[in-house]
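Asks: Mind looking at a prediction? Sequence and model below.
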Amino acid sequence: MANYHRKMRMGMIGGGIGAFIGGVHRMAAALDGEIELVCGAFSADPEKSKQSGAQLYLPPGRVYETFQAMIEQEKLLPEGERMDFVAVVTPNHLHFAPVKLALENGFAVMCDKPLAFNYAQAQELALILEKPTPLFGLTHNYSGYPMVKEAKAMIQSGQIGKVRKVVVEYPQGWLATRLEATGQKQAAWRTDPTKAGAANCVGDIGTHAAHLAEYVTGLEISELCADITSFVEGRAMEDDANILLRFNNGAKGILHASQISVGEENNFNLRVYGETGGLWWHQMDPNTLLVSALGNTRRLARTGIGELSEASQLATRIPAGHPEGYVEAFAVLYRNFARTLRSRLKGETPDPRYLDFPGIADGVRGMAFIDTVLASAQSDQKWTKHH
């Protein structure tokens, strides 16, 4: 009988020397002791992949020149040695092919967002996952914060009444100049339509904002009205988006995403207003949730203090007053994914508490959101239905 009383073995595609998000994924996956990196195809450049593997102390035989070779050769290894799942951390245009190949060969997948290069690819992956298939996760990492989970639980339990208004903002300032012209790697691929897909700002951070608004409220965006702009001269893609939202319960909303807001770092925040109360969470002060109620009363809910929801407590690792941030939120998704995967490999029913990580439906909605925003921005009609 196969032994699954062990760490889940991860293979990585992308994330080699000089990559930003690959290192974040590796730190997050390792944080809770549930996962170990055993192999990788870290770059389209075979030599760079070898160098990256050496820096990560992997055996040369488990560092592959291509993702195709990794998936094919890992599949031939005994169950006690081969990887259990694949983390795909490549630029957007290189998500689809490795995700598809891994799933078709029986490997579970954790993919960086957005899901794919376009909506058609997202739909194709969703069709694969309609059958009895391996596990799939998507790293909309902001949903992993304890106070985000607390806000979601408060709304679910009716503590602010019916949701009326949602305001979600994601301003950054790092692309206020034409940084991509200097050779900066992250700016170069994110502003290139052949690598980023149909959108830059909307795809990169607007999808995070839309996902968080839907995740926390439990609602779906049903219609939107978008105005997008490329402010920096010579830039091929949008760097600013201002979007009005309508939700499926009648609530209204505003989504603002920008990469040209000079002076902003990563000022992601969400406000939700219900009939009897309101909530405000700020990514740059993630341990705090501002809770308001009728009569102008306010209180601060803090990570690890007082009577908090089970979901919030499960996402908290250390005592109150010790800040947990971006990597820890990522790690919550990896931990939940690993524990669910282990249960499935054992043939057991996963603990429902650990099913709390984004999946294929979130990825498809993200790609649909990009298309809907672009269609709205190009239309003379005020409202465009979101599918």
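Replies: Everything's here; your move. If you're wondering where the values come from, they're calculated on a predicted model, not measured in any experiment.

Asks: From now on I want contacts and neighbour counts done on CA atoms only, so please keep to that.
Replies: Fine.

Asks: Contact partners for the residue nearest to the spatial centre of the chain?
Replies: Of all residues in the chain, the one closest to the mean position by C-alpha atoms, centre = their mean is His140, 1.7 Å from it. Each residue near His140 by C-alpha atoms under 8 Å, 6 or more residues apart in numbering is listed here: 112-113, 208, 211, 358.

Asks: Now rank these by neighbours and give me the top one.
Replies: Across those, the neighbour count under other C-alpha atoms under 10 Å reaches its highest value at Lys113, namely 26 neighbours.

Asks: hang on, that one packs against Tyr142?
Replies: No - the pair Lys113 and Tyr142 does not pass the contact test of C-alpha atoms under 8 Å, sitting 11.6 Å apart.

Asks: coming back round to it: let's have the contacts of His140 in TSV, adding pLDDT and secondary structure.
Replies: Output for the contacts of His140, formatted as TSV (pLDDT from 0 to 100; DSSP: H, G, I helix; E, B strand; the rest coil):
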residue	pLDDT	secondary structure
Asp112	96	coil
Lys113	94	coil
His208	97	helix
His211	98	helix
Pro358	98	coil
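
Asks: out of these, who's nearest Gly15?
Replies: Using C-alpha to C-alpha, Asp112 comes nearest to Gly15 of the contacts of His140, at 10.8 Å.

Asks: Look up how far Thr66 lies from that closest one.
Replies: Using C-alpha to C-alpha, to the nearest Å, Asp112 is found at 19 Å from Thr66.

Asks: With Gly250 instead?
Replies: Using C-alpha to C-alpha, one obtains 48 Å as the distance from Gly250 to Thr66.

Asks: ok, Ala213 - contacts?
Replies: In this structure, Ala213 makes contact with 166, 168, 219, 270, judged by C-alpha under 8 Å, 6+ apart.

Asks: The stretch 201-350 of the chain: helices as residue ranges?
Replies: Ranges of helices within the stretch 201-350 of the chain are 201, 207-217, 310-314, 326-346, based on DSSP state H, counting those that start in this stretch.

Asks: export the ones you listed to CSV and tack on distance to Asn92?
Replies: Putting the helices of the stretch 201-350 of the chain into CSV (distance: least, C-alpha to C-alpha, whole Å) gives the following:
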stretch, distance to Asn92
helix 201, 13
helix 207-217, 13
helix 310-314, 30
helix 326-346, 19
